[in-house]
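Student: Take this sequence and fold it.
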Amino acid sequence: LGWSAVYYVIYRRAAWLRRLSADAYGPFVIGAVYGPLVWIMMNRVIVPLTRAPTMPFNTWQWPVMSLGHMVFVGLPIALIVREGRAG
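Tutor: Sure thing, here's the model as predicted:
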């Protein structure tokens, strides 16, 4: 929910992001960038701040987690905000 709120605030303030989102393939581009960014920030910044045990970074994680976050995190956030269902 927090990452959706972050994206929404950026979306409302950035005209270039609204223009990109209005394009037919824009949400896919946004999802391809925003999803992995969320994973990197969570894995490298947020989780270590909680002092929770972290998993070691393995080379196989990057493509798997990036693709998963593109499809299941970034794309839904971009589509929901674009359609105006967020507010």
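Student: Could you use CA atoms for every contact and neighbour count after this?
Tutor: OK.
Student: what sits against Gly31?
Tutor: His69, Met70, Val71, Val73, Gly74, Leu75, Pro76, Ile77, Ala78 (Cα atoms under 8 Å, 6 or more residues apart in numbering).
Student: Next, the second one: secondary structure please.
Tutor: Of the three states, Met70 takes helix according to DSSP: H, G, I helix; E, B strand; the rest coil.
Student: can you pull the buried residues of the lengthiest helix in the chain?
Tutor: Secondary structure of the chain per DSSP state H: the longest helix is helix 26-41. If you call a residue buried by 16 or more other Cα atoms under 10 Å, then helix 26-41 has these buried ones: 26-39.
Student: Need the CA coordinates for it. PDB is fine.
Tutor: Extracted as PDB, the C-alpha positions of helix 26-41 are listed here (Å, rounded to 0.1, in the frame of the first residue of the first chain):
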ATOM      1  CA  GLY A  26       2.900   3.200 -20.900                       C
ATOM      2  CA  PRO A  27       1.800   1.100 -17.900                       C
ATOM      3  CA  PHE A  28       3.900  -1.800 -19.100                       C
ATOM      4  CA  VAL A  29       7.000   0.500 -19.300                       C
ATOM      5  CA  ILE A  30       6.200   2.000 -15.900                       C
ATOM      6  CA  GLY A  31       5.700  -1.500 -14.400                       C
ATOM      7  CA  ALA A  32       9.000  -2.700 -15.900                       C
ATOM      8  CA  VAL A  33      10.800   0.100 -14.100                       C
ATOM      9  CA  TYR A  34       8.800   0.700 -10.900                       C
ATOM     10  CA  GLY A  35       8.300  -3.000  -9.900                       C
ATOM     11  CA  PRO A  36      12.100  -3.800  -9.800                       C
ATOM     12  CA  LEU A  37      12.700  -0.500  -8.100                       C
ATOM     13  CA  VAL A  38      10.300  -1.400  -5.300                       C
ATOM     14  CA  TRP A  39      12.000  -4.800  -4.900                       C
ATOM     15  CA  ILE A  40      15.500  -3.200  -4.700                       C
ATOM     16  CA  MET A  41      14.400  -0.500  -2.200                       C
END
